[in-house]
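**Student:** after the sequence you'll find the predicted model.
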Amino acid sequence: MLAKRIIPCLDVTAGRVVKGVSFVELRDAGDPVEIAKRYDDQGADELTFLDITASSDDRGIIFRIIEQVAEQVFIPLTVGGGVREVGDVRNLLNAGADKVSINTSAVTNPQLVADASARYGSQCIVVAIDAKQVAAGKWEVFTHGGRKATGLDAVEWAKKMQTLGAGEILLTSMDQDGQKKGFDLALTRAVTDALEIPVIASGGVGNLQHLADGVKIGGADAVLAASIFHFGEYTVQQAKQYMAKQGIEVRL
Amino acid sequence: MVDIAVVDYGMGNLRSVQQAVRKVAPGANVIVTGEPDVIASAARVVFPGQGAAPDCMREIRARHLDRVIAGVVGEGKPFLGICMGLQVLFEHSDEGDTACLGMFQGPVKRFASGLHDAQGNKLKVPHMGWNQVHHGDHPLWAGIPQDARFYFVHSYHVQPSDAGLVQATSDYPQPFVCAVARDNLFAVQFHPEKSAAAGLQLLQNFVNWNPL
């Protein structure tokens, strides 16, 4: 049986892994290559790197990090942040990424998703959606690291991205991100039920039950978390054991 | 002297494949190449591929790699197909109604949509993630536990006419073929280069394999 995936997320800036609360207040978590190796040893199913560097001067750093990780870690690597054109997708794949995550540019230029998936295949195009609840059962897409409202409905937007060729959706609840109160399960369920492609739940994990709930209640195909792993609260292996005890299929 | 050629026809990220092969064969000359002469001269050939079948077949033909592949396989050199490098060895893919290389008889079909797992959740297409592989006793499975998990990402799967070629199956939710072999030819649907220890073991076995 196909396993539900556990994906540690590494937010990278200036060559370091950091973690914030609701997209602000960054805290240093360590060296990305060392952290990536540790999670691989713990049995992570994939790794996601988000380059949250504000200045374009430092963009080269993420390439060197991905190259180093890809030489040592033989599980899928997703890289996002600052992807604006098909050439950016190509460069990240060449550096060793297996999938590229597109967020803001998918909104400003949806054709990028179509072009990139046509060129490199849907399997390597992840569309990241940052969503905020605006009414009961309704969520809006935000871009630019959560700073800019788009007026787009998150569920409808996810469906459009699937149609354009996204292979997977990385769905982050801005309301929950960094709060450690669990995923927005209603959002996760609404998006996963609307799609044929896999959905990664993100934003808000504070304990292992939150991961299990993302799969069992939210219906997510994969669950992403950062701070519970970075700061040593739990290992990936502990998370998997915990989920397995609740009858969730995982790779142990 | 090229020990292992990773065939480049412009489809997908071959660096991962190259790095994983280098990891298990540190002394070998492992190169990524689309040059027919270089591929033909290699002792072993890895044939990966990602993307859509029509694009893959168009690139293979445009670069005259169909003849090179047939030649390498005909000479008895160890040959490993990965993902799209498995599918295009069959006769025909429903993806874009594409005629393929026809080295194995049978079609390539899409997973049905609208299926559900035992918990009532929708089974997504593409089939993406780590699934269990039920394998036979081919030398490339040496040291790999039964039902070991490998990383898959695909929407289509092969249906060999000859059941005797099947070297492994997986389930989504019905059993589907995820490895075939004949003589010096071995091909898998999953990505050994992204399947951690089990994947590296399979690549190690390929590097050590002397089929004839």
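**Tutor:** Structure received.

**Student:** need the contact list for residue A:110.
**Tutor:** By CB atoms under 8 Å, 6 or more residues apart in numbering or on different chains, the contact set of residue A:110 is A:160, A:161, A:164. Backbone N, C-alpha and C define where each C-beta goes, glycine included.

**Student:** now the stretch 1-150 of chain A against chain B: closest residue?
**Tutor:** Chain B sits closest to residue A:121 of the stretch 1-150 of chain A, with a gap of 3.8 Å, by CB to the nearest CB.

**Student:** would you mind confirming that that residue is in contact with residue A:100?
**Tutor:** No. Contact between residue A:121 and residue A:100 fails when scored by CB atoms under 8 Å: they sit 11.1 Å apart.

**Student:** looking at those two, which is more packed in?
**Tutor:** Using other CB atoms under 10 Å in any protein chain shown as the criterion, residue A:121 and residue A:100 rank with residue A:121 on top: 26 against 23.

**Student:** just the pLDDT at residue B:40, thanks.
**Tutor:** For residue B:40, the pLDDT comes out at 96.

**Student:** same check, this time on residue A:22
**Tutor:** pLDDT, residue A:22: 56.

**Student:** any idea how far the longest strand anywhere in chain A is from the middle of the chain?
**Tutor:** Of all segments of type strand in chain A, defined using DSSP state E, the longest is strand A:125-135. With CA atoms, centre = their mean, to the nearest Å as the basis, strand A:125-135 stands 11 Å off its chain's centre.

**Student:** contacts for that strand?
**Tutor:** A:78, A:80, A:89, A:99-103, A:106, A:113, A:116-117, A:139-143, A:145-146, A:154, A:157-158, A:161, A:165-175, A:184, A:187, A:191, A:200.

**Student:** and for stretch A:216-224?
**Tutor:** A:4-9, A:45-46, A:48, A:170, A:183, A:185, A:188-189, A:192-193, A:198-202, A:205, A:211, A:214-215, A:246, A:248, B:119, B:121-122, B:124, B:128-129.

**Student:** strands - which of those land there?
**Tutor:** A:5-9, A:48, A:170, A:199-202, B:128-129.

**Student:** I'd like the residues you listed as JSON lines, with distance to residue B:56 and pLDDT appended.
**Tutor:** Compiled in JSON lines, those are given as follows (distance: CB to CB, whole Å; pLDDT from 0 to 100):
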{"residue": "A:5", "distance to residue B:56": "26", "pLDDT": "98"}
{"residue": "A:6", "distance to residue B:56": "31", "pLDDT": "98"}
{"residue": "A:7", "distance to residue B:56": "28", "pLDDT": "98"}
{"residue": "A:8", "distance to residue B:56": "32", "pLDDT": "97"}
{"residue": "A:9", "distance to residue B:56": "32", "pLDDT": "96"}
{"residue": "A:48", "distance to residue B:56": "27", "pLDDT": "98"}
{"residue": "A:170", "distance to residue B:56": "27", "pLDDT": "98"}
{"residue": "A:199", "distance to residue B:56": "27", "pLDDT": "98"}
{"residue": "A:200", "distance to residue B:56": "27", "pLDDT": "98"}
{"residue": "A:201", "distance to residue B:56": "32", "pLDDT": "98"}
{"residue": "A:202", "distance to residue B:56": "32", "pLDDT": "97"}
{"residue": "B:128", "distance to residue B:56": "19", "pLDDT": "96"}
{"residue": "B:129", "distance to residue B:56": "23", "pLDDT": "98"}
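
**Student:** strands along chain B, start to end?
**Tutor:** Secondary structure of chain B (DSSP E): strands at B:4-7, B:30-33, B:44-47, B:79-82, B:92-93, B:98-99, B:107-110, B:127-135, B:148-154, B:156-158, B:166-171, B:175-182, B:185-188.

**Student:** hang on, the earlier thing: now list the buried members of the contacts of strand A:125-135.
**Tutor:** A:78, A:80, A:89, A:99-103, A:106, A:113, A:116-117, A:139-143, A:145-146, A:154, A:157-158, A:161, A:165-175, A:184, A:187, A:191, A:200 (16 or more other CB atoms under 10 Å in any protein chain shown).

**Student:** how close does residue A:78 sit to residue A:232?
**Tutor:** 23 Å (CB to CB, to the nearest Å).

**Student:** for chain B, what are the nearby residues on chain A?
**Tutor:** A:1-5, A:40, A:45, A:70-71, A:74-76, A:93-98, A:118-124, A:167-168, A:192-193, A:195-199, A:216, A:219, A:221-222, A:251 (CB under 8 Å from any CB of the partner chain).
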